[in-house]
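A.B. asks: Let's see this in three dimensions:
(one chain, ligands or ions: 2)
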Amino acid sequence: MRLVSVLVLLISFSSFSHALDKPEGKVILTVTGAINGSNLDQSAEFDFAMLQDFPQYSVTTNNPWIRGSHTYQGFSAVDLVKILSSESVRLQVFAFNGYMTEIPLNDFVEKGAIFAIKQDGQPMTIRKLGPIMVIYPFDELEELKSEIYYGRSIWQVAEIKLIGSME
Ligand SMILES: Nc1nc2c(c(=O)[nH]1)N[C@H]1C(S)=C(S)[C@@H](COP(=O)(O)O)O[C@H]1N2
Ligand SMILES: [Mo]
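C.D. replies: Ligands and ions are numbered 1, 2, ... in the order given. Just a heads-up that it's a prediction; the model follows:
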């Protein structure tokens, strides 16, 4: 059962059901690991438009790193795993600065986490901790205000490695 209600914006499902496209714009996310569907050898690359074509979810919350309450919009790891025909249940997420954290896929279901690509309707610049940042609905679930979820709140995400269920 979903514990956290996240607003499904359904901005565009159109290209989601198709085979994975090739990025036309600047690649902002590389996905490696336990994937079957791909648009490159052993990995999948995404530009901003491709990430925006995923079902979009919205979380409005405060967080410890950005002043004030903001509305974050982005995609779910559940849909990413689905489009890559992966059975992964765990993600290793890497930032530009080399920071890495592990996130259970379940956080995107039960805790309402999203990979945010927009803040208040605008793409997130690197200065604003973009282009991709993991956001939890801290204001909605008190248990998220702990070092576990702060540590999983990785910003300036560059790469996701899907860890297979057998690893
Ligand atoms: N890109 C990136 N995200 C990150 C980190 C980091 O070093 N780089 N640190 C993580 C950890 S361990 C915590 S507790 C929180 C808060 O880090 P801070 O207290 O140093 O701001 O951000 C997380 N996200
Ligand atoms: Mo931390």
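
A.B. asks: what's across from the most centrally placed residue in the chain in the sheet?
C.D. replies: Centroid check for the chain by CA atoms, centre = their mean gives residue 115 as the closest residue, at 2.4 Å. Beta bridges link residue 115 to residue 75, residue 134, judged by DSSP bridges.

A.B. asks: next one: the one 4 residues further on
C.D. replies: With beta bridges defined as DSSP bridges, residue 119 has these partners: residue 72, residue 122.

A.B. asks: Number the chain from 195, please
C.D. replies: Sure, I'll start counting at 195 from here, so that last one is residue 313.

A.B. asks: from what I can see it touches residue 263, true?
C.D. replies: No: Residue 313 lies out of contact with residue 263 (CB atoms under 8 Å); the separation is 11.0 Å. The way it works is simple: take the backbone N, C-alpha and C, and place the C-beta from them, glycine included.

A.B. asks: Have a look at these two and say which one is more surrounded.
C.D. replies: Higher neighbour count among residue 313 and residue 263: residue 313, with 20 against 11, using other CB atoms under 10 Å.
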